[in-house]
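Participant: Here is my input, please return the structure:
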Amino acid sequence: MKIDRKVEIIYLLLNELESGDVFDLQFSKLKNEISLDEYRIIESELIRLKVVDVKTEPNGNTLNGLAEFIINAKGLEIRENKKAIKKILANKKPLDWYRIIPICVAVIFGSLGIYQKYSYNSLNEKFQVLDTENASLRSLNLSLKSELVSLKADSIYIKYKLNLNKEKPLLDTLKTKKVSY
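Facilitator: Down below sits the predicted model:
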């Protein structure tokens, strides 16, 4: 049900009630204008807005949409003004600090949680990249060490052969002696 229809029905109901009068849909001239379903919705709205007092059975039931209403002071104040009824219906309960603080705390911790998860994922990705880079450098280091060992072995072998043959290194043989003419 739209808010304009609610305002119209509440306006009609409140104008039919006089101070201290009892309203019952079964005996009202509005019976043809308001369906029972609409009446039940408006009944709950009137009770929620506290513009009427409800006459109920001794056990507290509202007689299934057949409760009797007695208009109170708040209802008398707003019954002449449709805009006031619409304003009251549209007005939600204002936020107070008891509602604002938990909302802010939830937003802050939710944001921190999301940031932390993103930060963890980012760090995890960086760790994986560094780990693969470290593994490739270790394998390169091992290959260079094995190459160095083989080069050392080759140089020792060459020195051994030179000493064994008692040959002079190539540099020494290339030096020319100065001959006098």
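
Participant: Pull up the gap between the residue at minimal distance from the centre of the chain and K145, please.
Facilitator: Centroid-nearest residue in the chain, with CA atoms, centre = their mean: G110, separated by 6.3 Å. Distance, G110 to K145, by CB to CB, to the nearest Å: 52 Å. C-beta coordinates here come from the backbone N, C-alpha and C atoms, glycine included.

Participant: on that earlier part again, before we move on, which element is the residue nearest to the centre of the chain in?
Facilitator: helix 97-165 (DSSP states H and E).

Participant: I'd like to know the average pLDDT value across that helix.
Facilitator: In this model, helix 97-165 has a mean pLDDT of 89.

Participant: Quickly list the domain ranges of the protein.
Facilitator: 3-90, 97-167 (automatic domain parsing).

Participant: Pick the most deeply packed of the ones you listed.
Facilitator: Comparing these by mean neighbour count (mean count of other CB atoms under 10 Å), domain 3-90 ranks first with a mean of 15.

Participant: Between the two ends of it, how far is it?
Facilitator: 8 Å (CA to CA, to the nearest Å).

Participant: where does L66 land on pLDDT?
Facilitator: For L66, pLDDT reads 52.

Participant: Number the residues from 323 up from this point.
Facilitator: OK, 323 is where the count begins now, so the last one is L388.

Participant: Tell me both backbone torsions, phi and psi, for N394.
Facilitator: Reported as degrees, to the nearest 10, the phi and psi values for N394 are phi -110, psi -170.

Participant: er, V376 I mean
Facilitator: According to degrees, to the nearest 10, V376 has phi -100, psi 130.

Participant: Could you check how far it is from I393?
Facilitator: Distance from V376 to I393, by CB to CB: 11 Å.

Participant: Equivalent analysis for I430, please.
Facilitator: With CB to CB as the criterion, I430 and I393 are 47 Å apart.

Participant: just E330 next, same as before
Facilitator: 17 Å.

Participant: Ok, E455 next?
Facilitator: 81 Å.
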